[in-house]
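Engineer: model the following, please.
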Amino acid sequence: MVRDNLGHASIATTSQYLHAEADARYEAFETFTDAPKMDKK
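Structural biologist: Residues are numbered from 1 along each chain as shown. Here you go, the predicted structure:
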């Protein structure tokens, strides 16, 4: 449904946006915590 609403031909394109947003939220959260940083894979 998200892929179709955004007009993407492939779910892979939609996934790039979703992962980028999740990564940005995670990095922002890390700045407010004392939790050890995790390496991205």
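
Engineer: from the chain's centre, how far out does the longest helix belonging to the chain sit?
Structural biologist: Counting residues, the longest helix in the chain under DSSP state H turns out to be helix 11-30. Using CA atoms, centre = their mean, to the nearest Å, the distance from the centre of helix 11-30 to the centre of the chain it belongs to is 1 Å.

Engineer: could you number the chain from 247 rather than 1 from now on?
Structural biologist: In the new count, where the first residue is 247, that last one comes out as helix 257-276.

Engineer: could you give the mean pLDDT of that helix?
Structural biologist: Model confidence over helix 257-276, given as mean pLDDT, is 83.

Engineer: buried residues in it?
Structural biologist: Within helix 257-276, the residues scored as buried using 16 or more other CB atoms under 10 Å are residue 260. Any C-beta I mention is one placed from the backbone N, CA and C, and that applies to glycine too.

Engineer: in CSV, list the C-alpha atoms belonging to that helix.
Structural biologist: Included here for helix 257-276 are C-alpha records, laid out as CSV according to Å, rounded to 0.1, in the frame of the first residue of the first chain:
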residue,chain,number,x,y,z
ILE,A,257,9.2,-2.0,-2.9
ALA,A,258,13.0,-1.8,-2.8
THR,A,259,12.7,2.0,-3.6
THR,A,260,10.2,2.5,-0.8
SER,A,261,12.3,0.5,1.6
GLN,A,262,15.2,2.9,1.0
TYR,A,263,13.1,5.8,2.3
LEU,A,264,11.8,3.8,5.3
HIS,A,265,15.3,2.7,6.4
ALA,A,266,16.7,6.2,6.0
GLU,A,267,14.0,7.6,8.2
ALA,A,268,14.5,4.9,10.8
ASP,A,269,18.3,5.5,10.8
ALA,A,270,17.8,9.2,11.3
ARG,A,271,15.5,8.6,14.3
TYR,A,272,18.0,6.1,15.8
GLU,A,273,20.9,8.6,15.4
ALA,A,274,18.9,11.4,16.9
PHE,A,275,17.9,9.2,19.9
GLU,A,276,21.5,8.3,20.5
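
Engineer: for it, packing partners?
Structural biologist: When contacts are defined as 3 or more CB pairs under 8 Å, 6 or more residues apart in numbering; DSSP states H and E, helix 257-276 sits against helix 248-252.
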